[in-house]
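# My questions concern the predicted model and sequence given below.
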Amino acid sequence: MKRILDIVFSCIILLFFLPIGILISLFIVVESKGGVFYRQQRVGRFGKEFRIYKFRTMRKNADSAGKLTVGMRDPRITKIGFFLRKFKLDEFPQFLNVLKGEMSVVGPRPEVKEYVELYTLEQREILTVRPGITDLASLEYFEENELLGRSSDPQKTYIEEIMPAKILLNKKYSENPTVFQDLKIIWATFRRIIR
């Protein structure tokens, strides 16, 4: 049932979003070089790696300065990128990942390998659930970039404070991943973005 919901919901969103996506793509190309999409290796279900899709919001080769985004005023973020991140529009290409079966609409956000390698055996239990576009942790840490931007050591703050807290929320979800709970999280995410 969850997989059917993922496919139907993703098809509806992608069809509805297509004209907006084309417009966003034009703005990205006009503003800076580097292509429309940003692709990055993430760790999925059972530790299998896959490429996640996003609209590119940063300048070319921005990863070389670190994978964490430290605040919305990070100088690597483009003008259109600032707008896309503010309204979470950069995440929409991930519905393609959902259609491919690499992700679900709701599930723990997929992490990069270097952070997954820091997981304890107990924390790795969240990898038994297909990763998602939104989850309880995404709602709780909706302003994560701003939180990291205020930290004197963003990497340390993320590894020691934010990541463990997000994993706890993801474990709570993975214990009972029902369609009803997914619908509640989708609705809560929509309301949060609109606010």
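Now that the structure is in, tell me what you want to look at.

# which parts of the worst-scoring helix or strand of the chain on mean pLDDT are buried?
Taking mean pLDDT, DSSP states H and E as the measure, the chain has helix 144-149 as its least confident helix or strand, at a mean of 78. Buried residues in helix 144-149, counted by 16 or more other Cβ atoms under 10 Å: Glu144, Asn145, Leu147, Leu148, Gly149. C-beta here means a position set from N, CA and C on the backbone, and glycine is covered the same way.

# Kindly report the same for stretch 181-192.
Asp182, Ile185, Ile186, Thr189.

# ok, now stretch 106-114?
Counting neighbours by 16+ other Cβ under 10 Å, one finds that the buried residues in stretch 106-114 are Val106, Gly107, Pro108, Arg109, Pro110, Glu111, Val112.

# How far does that stretch sit from its chain's centre?
Here stretch 106-114 is found 8 Å from its chain centre; the criterion is Cα atoms, centre = their mean, to the nearest Å.

# what distance separates the start and the end of it?
Using Cα to Cα, to the nearest Å, one end of stretch 106-114 lies 23 Å from the other.

# neighbouring contacts of that stretch?
Defining contact as Cβ atoms under 8 Å, 6 or more residues apart in numbering, one finds that stretch 106-114 is touched by 40-44, 49-50, 52, 67, 103, 126, 129-135, 137-138, 163, 166-167, 170, 173-174, 177, 181-182, 185-186.

# Which of these fall in strands?
Within these, residues falling in strands by DSSP state E are Gln40, Gln41, Arg42, Val43, Glu49, Phe50, Ile52, Gly132, Ile133, Thr134.
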